[in-house]
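Q: This is a predicted model, with the sequence first.
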Amino acid sequence: MNAIKSIALDAEYVTPFIPKKAALLFINSYESTNFSLGEGPCNDGITMKTKLEALGYSCYVYYDVEAHQFIQLMLSFTHAPFDKLVVYFSGHGSSVKDISSDEIDGRDEALVFKDASILDDDLRHLIRTQIKNLILLIDCCHSGSVFDLSDEKNVLLISAANDDETAKQTRIERKEQGVFTYYFWKLIDTKKPIIEIKDKLNSKLTKYKQRCVISGGCVDAKL
């Protein structure tokens, strides 16, 4: 956990230059709460940062931010002139009763932060961007439609689980980590469109009673 905290940035930080490829990594361990995830998300964050930097991304890591800080950072980064932006979230997700009557299944999905949750109704407004490729990698429970994508042609969402499923964290190779993040990097071919990983990834995830969901219009996106 100390390793990821040592490379995490202050939530008020704004990048002083604009790389072509950037990655915004939100690592949520919920330290000192009764819903802590321990070191799993931190290990996921280290994996993501290492792999993405090897692909030429400039990575910006944020640890246990509050909900309003997440909104601020998302708005800042999605309005920057990147060619490609990866947004990664490791932490808790939730499913709650839909009070706006806009969900077919009667449930809203949400990303959970240490102080509050952000519903899909609000999350979808954070991904309006002119960036050519916005890739969302979400490793949390109930994340299948957590950004309520419709016809966004420049956005691709890869979620760890369907809306009615939980995303598992377990001990693999002697450390706690999210199974979605672990197998994503085991199986991804960075020379091919990301969507081609779906069947292979689900062949591994079904063992943990979860299936990844890929949505959005940016079907040719590669890492």
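A: Perfect, thanks for sending it.
Q: how about the strands in this structure?
A: Taking DSSP state E as the criterion, the chain contains strands spanning 21-27, 58-63, 84-90, 93-97, 107-112, 117-119, 133-139, 155-159, 169-172, 175-178, 213-215.
Q: List the pairing partners of the first one within its sheet, with orientation.
A: Put plainly, it is strand 21-27. strand 58-63 (parallel), strand 84-90 (parallel) (DSSP bridges).
Q: what comes into contact with it?
A: Residues from elsewhere that reach strand 21-27 (C-beta atoms under 8 Å, 6 or more residues apart in numbering): 4, 8, 15, 41-42, 44-45, 48-49, 52, 55-65, 70, 73-74, 77, 80, 82-91. The way it works is simple: take the backbone N, C-alpha and C, and place the C-beta from them, glycine included.
Q: Buried among those? Need that as a selection in PyMOL.
A: Listed next is the PyMOL selection for buried residues among the contacts of strand 21-27, using 16 or more other C-beta atoms under 10 Å:
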select buried, resi 4+8+41+42+44+45+48+49+52+57+59+60+61+62+63+64+65+70+73+74+77+80+82+84+85+86+87+88+89+90+91
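Q: about what we covered before: least reliable of the strands of the chain going by mean pLDDT?
A: Note on the strands of the chain: lowest mean pLDDT is at strand 93-97, with a mean of 90.
Q: and that strand, what other elements does it pack with?
A: strand 107-112, strand 117-119 (3 or more C-beta pairs under 8 Å, 6 or more residues apart in numbering; DSSP states H and E).
Q: okay, the ones you listed in CSV with distance to residue 155 next?
A: Formatted as CSV, those follow (distance: least, C-beta to C-beta, whole Å):
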stretch, distance to residue 155
strand 107-112, 16
strand 117-119, 17
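Q: among those, which is the most enclosed?
A: strand 107-112 (a mean of 24; mean count of other C-beta atoms under 10 Å).
Q: what's the neighbour count on residue 79?
A: 12 (other C-beta atoms under 10 Å).
Q: if I read this right, it contacts residue 127, doesn't it?
A: No - between residue 79 and residue 127 there is no contact, the gap being 11.1 Å when judged by C-beta atoms under 8 Å.
Q: ok, so what distance separates residue 117 from residue 176?
A: Taken as C-beta to C-beta, to the nearest Å, the spacing of residue 117 relative to residue 176 amounts to 23 Å.
Q: Now for the spatially closest residue to residue 78 that is not a sequence neighbour: which residues touch it?
A: Closest residue to residue 78 apart from its sequence neighbours, by C-beta to C-beta, 6 or more residues apart in numbering: residue 129 at 4.0 Å. Residues near residue 129 by C-beta under 8 Å, 6+ apart: 78-79, 85, 154-155.
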